[in-house]
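Chemist: Fold the stuff below for me.
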Amino acid sequence: MTRRALISVWDKTGVVDFARGLVAMGWELVSTGGTQSLLGSSGLPVVPVSDVGGFPEILDGRVKTLLPQIHGGILARRDNPGHMRQLQEHGITPIDLVAVNLYPFRQVTRDPDVALDRAVENIDIGGPTMIRAAAKNYPHVLVIVNPARYEGVLAALRAGEVTPRLRFELAVEAFAHTAEYDALVAEYLGRAAGRGVADFPGVLCLRYEKVQGLRYGENPHQRAAFYADSYPGAGPSLAHARILAGKELSYNNINDAAAALATVREFPAPAAVAVKHANPCGAACATDLLTAYTRAHDADPVSIFGGIVAANRVVDEATARKMAETFLEVVVAPDFSHEALQVLGQRKGLRLAAVGDLAAGAGAVEYEVRRVPGGLLVQDVDVAPDDPAPWRVVTRSRPSAATSRDLDFAWRVVRHVKSNAIVIAAGGATLSIGAGQMSRIDAARIALERAGAAARGAVMASDGFFPFPDVVAAASDAGIVAVVQPGGSVKDDDVVRAADERGLAMLFTGRRHFLH
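Modeler: Model prediction:
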């Protein structure tokens, strides 16, 4: 009996050679539209789907394969005599192979200006239906959704070694393909509807593509992999970065680099941020990148060793030479000059990641997901910029213009430090950081002790309110002149009174930035 293959693909990579290989083994080809034209113009015999079904394509191609002559041929179980008898009764020929890939919905909707009706017209209906039908009947029908599979399938057919395992693997790949496609459509339509935190969907479809397997996770005994969002429009990321030098990124490299990138995006002026264990250990702004990096390095020259650095400007040769003086794991930047690449490329194992324009994707609606036993926590990403204009000075003492700039700088950093978080800063650079403590006074004591005498005349930022006046007392004793915090404690009056008694300026932002 002649075996029949249905081929209908949008991505036509390798399809002519694949079809030619099938014909050489005596297969009959059935196809539609552009695929049919391509195969026919390549000199291959091909039967139009309309001839198989005895019904023409209608509705501008919306209906062409949704026919019993097609789906009966795909879904019939060859080991079921009743199924085979019904095929014979209705003149339906079995279809033994389905090679289908889908309309380019992802490519079309990556254009931020695409019209909704154009996006909708690129939602494939017949393709997923055929794929799912073939995958359901995988013991009898080969289903191929990935052109990279063509050569292997042809080789198995030629050798007569189409194993049950191969059929099953192709079916799993097919169901993953349609699931990813449906999730892509659902996510896009949700974005088009302006879905926000107030109306998260009843069913959350998560759709990511595997970028790479990782050597291990946080620790060597943990398996790990890295997945990317198919929509890169949310801004620069490690998932879509160009790795210009160095060995493969590790799980911890990616996590720390993401934290560094998020922090450095806060600053409009040239800035550099050093991160260790997902916390900033040094950050600075300046009129040029070299100065910014030098000051970020000097904020904590011990912790930066083996750390991650992010810059918000193209790394130049001078900055690269300064970076090369310290052992770093990763440098992330919009790009690197040719001279910088020559300098840093000589550092063994140093990864260089170019992420492109850091302003791209600003304001994009994003959410983040955290797994907990039995479920997921989902929330908006805390990326909305803070405007200092509505901040309230709640003390008699008011900050100078220079102090206000430092308060703004410290506040931009503290939101990226694990809570409880305290940042001490002066002159557009961090002096010290207290991160991840169970009590705020402990975070403050760590930061103040590390700053030492440099804290005199500096400012303090706290990611959450002060539950007691103790932090104010510690800050004043260390020489801090101004504090910025969210406010909102039942003890706010006591805290403000303590600041007034010690001559500190204090500002309430009205917004906290816990990071757990």
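Chemist: Stretch 286-297: which residues count as buried?
Modeler: For stretch 286-297, a neighbour-count test (16 or more other CB atoms under 10 Å) marks 286, 289-297 as buried. Quick note: C-beta positions are derived from backbone N, CA and C, even for glycine.
Chemist: I meant stretch 153-162, not that one.
Modeler: For stretch 153-162, by 16+ other CB under 10 Å, it's 153-154, 157, 162.
Chemist: now what about that stretch, what contacts it?
Modeler: 18, 21-22, 25, 142, 144, 163, 166, 170 (CB atoms under 8 Å, 6 or more residues apart in numbering).
Chemist: now that stretch, how far from the chain's geometric center?
Modeler: Between the centre of stretch 153-162 and the centre of its chain there are 38 Å (CA atoms, centre = their mean, to the nearest Å).
Chemist: Touching, Gly479 and Ala455? I think so.
Modeler: Yes - contact criterion CB atoms under 8 Å: Gly479 and Ala455 qualify, at 5.2 Å.
Chemist: Which residue ranges make up the domains of the protein?
Modeler: 4-192, 239-354, 392-508 (automatic domain parsing).
Chemist: now those as TSV including distance to Ala224 and mean pLDDT?
Modeler: Formatted as TSV, these follow (distance: least, CB to CB, whole Å; pLDDT from 0 to 100):
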stretch	distance to Ala224	mean pLDDT
domain 4-192	19	85
domain 239-354	5	95
domain 392-508	21	96
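Chemist: closest to Gln212 out of those domains?
Modeler: Closest approach to Gln212 among the domains of the chain is made by domain 239-354 (7.3 Å; CB to CB).
Chemist: Start and end of that closest one, how far apart?
Modeler: 11 Å (CA to CA, to the nearest Å).
Chemist: in the stretch 301-450 of the chain, which spans are helices?
Modeler: 317-323, 338-344, 401-414, 440-451 (DSSP state H, counting those that start in this stretch).
Chemist: Among those helices, which comes closest to Gly464?
Modeler: Across the helices of the stretch 301-450 of the chain, closest to Gly464 is helix 440-451 (CB to CB), at 6.6 Å.
Chemist: So which elements touch the helix or strand following that closest one?
Modeler: Later in the chain than helix 440-451, the nearest helix or strand by DSSP states H and E is strand 459-462. Strand 459-462 sits against helix 401-414, strand 422-426, helix 440-451, helix 470-478, strand 482-485, with contacts defined as 3 or more CB pairs under 8 Å, 6 or more residues apart in numbering; DSSP states H and E.
Chemist: Distance of the residue of the chain most remote from its centre relative to Leu29?
Modeler: Most distant residue from the mean C-alpha position of the chain: Glu89, 52.5 Å away (CA atoms, centre = their mean). Going from Glu89 to Leu29 by CB to CB, to the nearest Å gives 25 Å.
Chemist: quick one: Ser37 is in a strand?
Modeler: No - under DSSP: H, G, I helix; E, B strand; the rest coil, Ser37 falls outside any strand and is assigned helix.
Chemist: can you start the count at 583 instead of 1 from here on
Modeler: Sounds good: first residue 583 from here, last item Ser619.
Chemist: For Lys718, give me its contacts.
Modeler: Contacts of Lys718 (CB under 8 Å, 6+ apart): 657, 753.
Chemist: distance of it from Gly709?
Modeler: 15 Å.
Chemist: What of Val767?
Modeler: For Val767, the distance to Gly709 - CB to CB - is 12 Å.
Chemist: before we move on, what about Ala971?
Modeler: Ala971 is 52 Å from Gly709, by CB to CB.
Chemist: do the same with Val785
Modeler: 23 Å.
Chemist: ok, now Gly734?
Modeler: 22 Å.
Chemist: quick one: which of Val785 and Gly709 has more around it?
Modeler: Gly709 (23 against 6; other CB atoms under 10 Å).
Chemist: Now for that one: which residues touch it?
Modeler: Per CB under 8 Å, 6+ apart, neighbours of Gly709: 590, 592, 647, 682-685.
Chemist: Give me the subset of these lying in strands.
Modeler: Counted as lying in strands by DSSP state E, out of those, are 590, 682-683.
Chemist: Out of those residues, the closest to Val690 would be?
Modeler: Asn683 (14.5 Å).
Chemist: what residues are up against the closest one?
Modeler: With CB under 8 Å, 6+ apart, Asn683 has these contacts: 591-593, 709, 727-729, 759.
Chemist: so who does the closest residue to Val727 other than its chain neighbours touch?
Modeler: Leaving aside its sequence neighbours, Val727 sits nearest to His759 (CB to CB, 6 or more residues apart in numbering; 4.3 Å). If you count contacts by CB under 8 Å, 6+ apart, His759 has them with 683-684, 713, 727-728.
Chemist: Highest neighbour count among those residues?
Modeler: Ile713 (27 neighbours).
Chemist: can I assume that residue sits in a helix?
Modeler: Yes - according to three-state DSSP, Ile713 belongs to a helix.
Chemist: more crowded one of Gly1061 and Ala1037?
Modeler: Ala1037 (24 against 15).
Chemist: distance of that one from Pro852?
Modeler: For Ala1037 relative to Pro852 (CB to CB), the value is 25 Å.
Chemist: same deal with Asp939?
Modeler: Distance from Asp939 to Pro852, by CB to CB: 15 Å.
Chemist: ok, now Ala839?
Modeler: Applying CB to CB to Ala839 and Pro852 gives a distance of 19 Å.
Chemist: Would you map the helices across the stretch 633-782 of the chain?
Modeler: 650-657, 663-671, 687-691, 698-703, 708-718, 732-741, 746-774.
Chemist: Now tell me what touches the shortest one from outside.
Modeler: When contacts are defined by CB under 8 Å, 6+ apart, helix 687-691 is touched by residues 696, 700-701, 704-706, 763, 766-767, 770, 812-813.
Chemist: Name the residues of it that are buried.
Modeler: Buried-residue list, helix 687-691, by 16+ other CB under 10 Å: 687-688, 690-691.
Chemist: Among those residues, which pair sits farthest apart?
Modeler: Checking the buried residues of helix 687-691 with CB to CB, the most distant pair is Arg688 and Val690, at 7.3 Å.
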